[in-house]
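Participant: only geometry, no sequence info:
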C-alpha cells in the first residue's frame, strides 16, 4: 500500500512538472487598493488591466506563452501593505506590475520592484517623486502633479480670473503635493491671494466646521484636494451651508461616483483631468469593459490601467522576451497609441500629457477650458 | 458672514455631529454596563442599519411611495433598519459572546474584534466596495438664522436622536425590564438570585443598543447622502471615545460624551488649525481620564466588579 502511495506521489510530481512545461504562463501583477475607502478606483484598475489581457489574448497573445495571468495585489493606499503586496508579486514571478494608486503606496512599493528590476507602470499616482528618483523601470500614465497644479493655477488666473482662493487637502502624499505646488505657482505669479489652507481627515464624513470657516472668509474659489468619497460629501455640505464660492477639484475626484453621490450639489464643480480622445478604440474599449464587468460606466482609472497593461504586453511581444532591460528599451523607444491618447515616455518615464478643465453639467463631465490654448470648448 | 452667524453655524454643526456620536455611544455604554464587554462590532451594526435603510428607501421610492406617504416612509425606513439590526445584534450575542461569557474578558474582546472584521467584510462582499448614493428625501433645503443655515434634515435628525435618547432613559428607569437591566449591570449573581432572567435581560440589551446604532446609521446615510461598507470604523472610534469620556456604562454619560467629542472637533476646527482636530479630541479624552478615571459621569466601580 505504501509503495503504491509513493508511486502515486512520484506520478503526481512528474505530471505536475509536465503540466508547467506545457502551459507556459506570462504573469503580470496589479497593485491597487482593493479594500478601504479607495476600493472603487482600485477595482477599476484591476478590471482595466484584466480587460487589456482579455483583449490582448483574443488578438493572439504573446508568442511562446499559452496564457496570460493577472495577479492582483491589494495596496490599500498604505505604504506598508503596498510594499508587502509588491514583494508577493515579485515572489510569484511577474514580468511587470500595473500600479499602484495612491502616491503614498506607489513610492514605497516601487523600492522592492526597482531592486528586483521589475517594470512598474502606475495608472494613477501623480506625485512628482514617483518618477523623480532615477528608477529606470518605472513609468506613469497620468500627467504629473506639478503639471496638474500648473493647469489649475492657469485656469484660475486666466480662465476664471479670480482674486482669492482657499485650499483644502486631506494630508496625504498626493493631495499635499498638489496644494504645495498650487501655492508655489500662485505665489510666483502673484495674481491670486491664497486666503486659507485647511486640512481634513480622510474617511471623515463631516466637513462642515472647515467649510463654515471658509464661508466666513468668502473666497472666490475653494480647491478640494481630496479623493472622490470626500469630494462628493464636501460639495453637498458646501451647498447645504449656502457657500457661493466655485468649487474646483482634481483627478482623484474625477469619477462617475462623484456625480452619483454628489447629486445636484456636484453641478458646476470644475475638475482637472486629462483630455479624453474621441477615438473608435476608446469606444470599443468602453463597450468591452462594460460588457465584461456588467457596469454602466467606466471608472476614470480603468482607462489608464487598460493602457498600462496593454503597452506592457505589446512591449513584451515586440521585444520577444520578458527581459526587463530589453522591454524597458522598447517601452521607452516606441510611440504607443492608447485609449487615453498617444503614449510617448520621456527620460523619467512620464508622458507628455496635459490636463484640461472639466465641468459637471447636467450630471456629466463636460470639457470646459484648455490651459494650453486658453480656449473654451 | 458676520461673527454671530459664524458662531451660531458652528454650534449647529457641533450639536448635529455630537447627537449622532451620542446615539452610537449609547450602544457601547449599554452593552458594557451589562456584560462589561466593548462591542467592537457596534460600528458594523451601525453600517448595517444604514444599508437596510437604503434598501428599504430605494424600494419605497421605486413604488412612488415616498411622495405620497412621507411620514410613513420615514417610520418604515427607521423601523425596518432598527428591527433588522436588533435581530442581528441578538444573533451576534448568541454566537460570539454568549459562549464566552464565563471565559476571560480578553477572549470576549477578541471575539468582538473578529465579529467586527467578519461583518465589515461580509458587507463589502454583499454591498460592494464603493459609495452607494442614498436617495435624497430631504434634499439640502433648510432655513437661515441670520446667515447661518440649518437643513430640515438636520432638524429632523436632532429631534429624532433626542426622542430616542429620552425614550431609552425612560425605559431604563421606569419599566420592569429596565429595572432588571440596571440590576444585572450592578451585580449579575445577585440579580440572578433574585429571580431575574439574566439571558433575557442581556438579549434585550443587545436589541436596543444595536437598534439605536442602526437609527444613527440611517441618519448619517440620509443626511450625508452616501453609505460605504467601512464607514462604521471612524464613527466607532469617535463614539467609543465618547462613551469612555462620559463614563462607560452611564447612559447620560454617553450622551454628554458624544456632545463633547462633537463639540471639541467642530469648535477646534472652527477657530484653530484644523489639522490638529483629531489630536485635540483625544488629548481631551486623555485629560479627562487622567482627572476622572471612570469618566465624567462614571460611577465608582464596586468591589464585586473589579
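Facilitator: Okay, I see it. Predicted model only: the values in this text are computed from it and were never measured. Numbering: from 1, shown residues only, chains lettered A, B, ... in the order given.

Participant: for the most centrally placed residue in chain A, phi and psi?
Facilitator: The residue lying closest to the centre of chain A (Cα atoms, centre = their mean) is residue A:124, at 1.7 Å. Note on residue A:124: its backbone torsions stand at phi -150, psi -40 [degrees, to the nearest 10].

Participant: cool, the one 5 residues further on as well?
Facilitator: Torsion angles at residue A:129 (phi, psi; degrees, to the nearest 10) stand at phi -60, psi -20.

Participant: wait, what's in contact with it?
Facilitator: A:103, A:107 (Cβ atoms under 8 Å, 6 or more residues apart in numbering or on different chains). (C-beta placed from N, C-alpha, C; glycine too.)

Participant: would you list every one of the strands in the stretch 151-300 of chain B?
Facilitator: Using DSSP state E, counting those that start in this stretch, the strands found in the stretch 151-300 of chain B span residues B:226-227.

Participant: can you list the residues of it near chain A?
Facilitator: Within the stretch 151-300 of chain B, the positions near chain A by Cβ under 8 Å from any Cβ of the partner chain are B:151, B:220, B:224-226, B:228, B:230-231, B:233-234, B:265-270, B:273-275, B:277-278.

Participant: Kindly give a single ChimeraX line that selects the buried subset of the residues you listed.
Facilitator: Command for ChimeraX that selects the buried part of these, burial taken from 16 or more other Cβ atoms under 10 Å in any protein chain shown:
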select /B:151,220,224,225,226,228,230,231,233,234,265,266,267,268,269,270,274,277,278
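
Participant: Now residue 249: closest residue in space, sequence neighbours ignored.
Facilitator: I'll assume chain A. residue A:224 (4.3 Å; Cβ to Cβ, 6 or more residues apart in numbering or on different chains).

Participant: try again with chain B
Facilitator: residue B:33 (3.9 Å).

Participant: How much space separates the one you found from chain A?
Facilitator: Residue B:33 is 28 Å from chain A, where distance means Cβ to the nearest Cβ, to the nearest Å.

Participant: so that residue is in which element?
Facilitator: Taking DSSP states H and E as the definition, residue B:33 sits inside helix B:3-35.

Participant: Could you check the angle whichever helix or strand comes after that helix makes with helix B:3-35?
Facilitator: Sequence order places helix B:42-62 as the next helix or strand after helix B:3-35, per DSSP H and E. Helix B:42-62 and helix B:3-35 are oriented at 110 degrees to each other (axes from the mean of the first three to the mean of the last three Cα atoms, to 10 degrees).

Participant: Buried residues in helix B:42-62, which are they?
Facilitator: For helix B:42-62, a neighbour-count test (16+ other Cβ under 10 Å) marks B:42-57, B:60 as buried.

Participant: shaky segments in the chain?
Facilitator: With no chain named, the answer covers chain A. Applying pLDDT under 70 to chain A flags the ranges A:1-23.

Participant: if you could check chain B rather than the one you did, that'd help
Facilitator: B:300-306.

Participant: Helices of chain A, residue ranges please.
Facilitator: For chain A, the helices defined by DSSP state H cover A:2-22, A:39-58, A:79-91, A:103-115, A:145-154, A:173-189, A:208-217, A:228-240, A:256-262, A:280-293, A:300-319, A:324-333.

Participant: Could you save the ones you listed as JSON lines and add columns showing distance to chain B and mean neighbour count?
Facilitator: Output for these, formatted as JSON lines (distance: least, Cβ to the nearest Cβ, whole Å; neighbours: other Cβ atoms under 10 Å in any protein chain shown):
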{"stretch": "helix A:2-22", "distance to chain B": "32", "mean neighbour count": "9"}
{"stretch": "helix A:39-58", "distance to chain B": "3", "mean neighbour count": "24"}
{"stretch": "helix A:79-91", "distance to chain B": "15", "mean neighbour count": "20"}
{"stretch": "helix A:103-115", "distance to chain B": "16", "mean neighbour count": "23"}
{"stretch": "helix A:145-154", "distance to chain B": "20", "mean neighbour count": "23"}
{"stretch": "helix A:173-189", "distance to chain B": "11", "mean neighbour count": "20"}
{"stretch": "helix A:208-217", "distance to chain B": "4", "mean neighbour count": "23"}
{"stretch": "helix A:228-240", "distance to chain B": "4", "mean neighbour count": "25"}
{"stretch": "helix A:256-262", "distance to chain B": "4", "mean neighbour count": "23"}
{"stretch": "helix A:280-293", "distance to chain B": "12", "mean neighbour count": "15"}
{"stretch": "helix A:300-319", "distance to chain B": "13", "mean neighbour count": "25"}
{"stretch": "helix A:324-333", "distance to chain B": "31", "mean neighbour count": "17"}
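
Participant: what residues are up against the residue nearest to residue B:131 when sequence neighbours are not counted?
Facilitator: Excluding its sequence neighbours, the residue lying closest to residue B:131 (Cβ to Cβ, 6+ apart) is residue B:226, at 4.4 Å. Applying Cβ under 8 Å, 6+ apart, one finds that residue B:226 lies in contact with A:229, A:232-233, A:261, B:131-134.

Participant: who's residue B:226 bridged to?
Facilitator: Taking DSSP bridges as the rule, residue B:226 bridges to residue B:133.

Participant: thinking again about what came up before, now do the contacts for the residue nearest to the centre of chain A.
Facilitator: Counted by Cβ under 8 Å, 6+ apart, residue A:124 has contacts A:32, A:41, A:45, A:100-102, A:106, A:141-142, A:301, A:304.

Participant: With residue A:40 instead?
Facilitator: Here residue A:40 is in contact with A:228, A:255, A:257, A:299, B:129-131 (criterion: Cβ under 8 Å, 6+ apart).

Participant: cool, and residue A:166?
Facilitator: A:194-198, A:214, A:217, A:219, A:221-223, A:245 are the contacts of residue A:166 under Cβ under 8 Å, 6+ apart.

Participant: quick one: it from chain B, how far?
Facilitator: 12 Å.

Participant: which residues does that residue bridge with?
Facilitator: residue A:196, residue A:222.

Participant: Kindly provide the distance from it to residue A:358.
Facilitator: Using Cβ to Cβ, to the nearest Å, residue A:166 is found at 21 Å from residue A:358.

Participant: same check, this time on residue B:210
Facilitator: 43 Å.

Participant: Compare the two and say which is more crowded by neighbours.
Facilitator: residue B:210 (32 against 24; other Cβ atoms under 10 Å in any protein chain shown).

Participant: what sits against the more buried one?
Facilitator: B:27, B:42, B:45, B:49, B:85-86, B:88-89.

Participant: What of residue A:335?
Facilitator: Contacts of residue A:335 (Cβ under 8 Å, 6+ apart): A:342-344.

Participant: count of residues packed around the nearest residue to residue B:158 once chain neighbours are set aside?
Facilitator: Take residue B:158 and drop its neighbours on the chain: the residue closest to it by Cβ to Cβ, 6+ apart is residue B:19, 5.3 Å away. Here the count is done by other Cβ under 10 Å, and residue B:19 has 24 residues near it.

Participant: My guess is residue B:19 contacts residue B:262. True?
Facilitator: Yes: between residue B:19 and residue B:262 a contact is recorded at 7.4 Å, counting by Cβ atoms under 8 Å.
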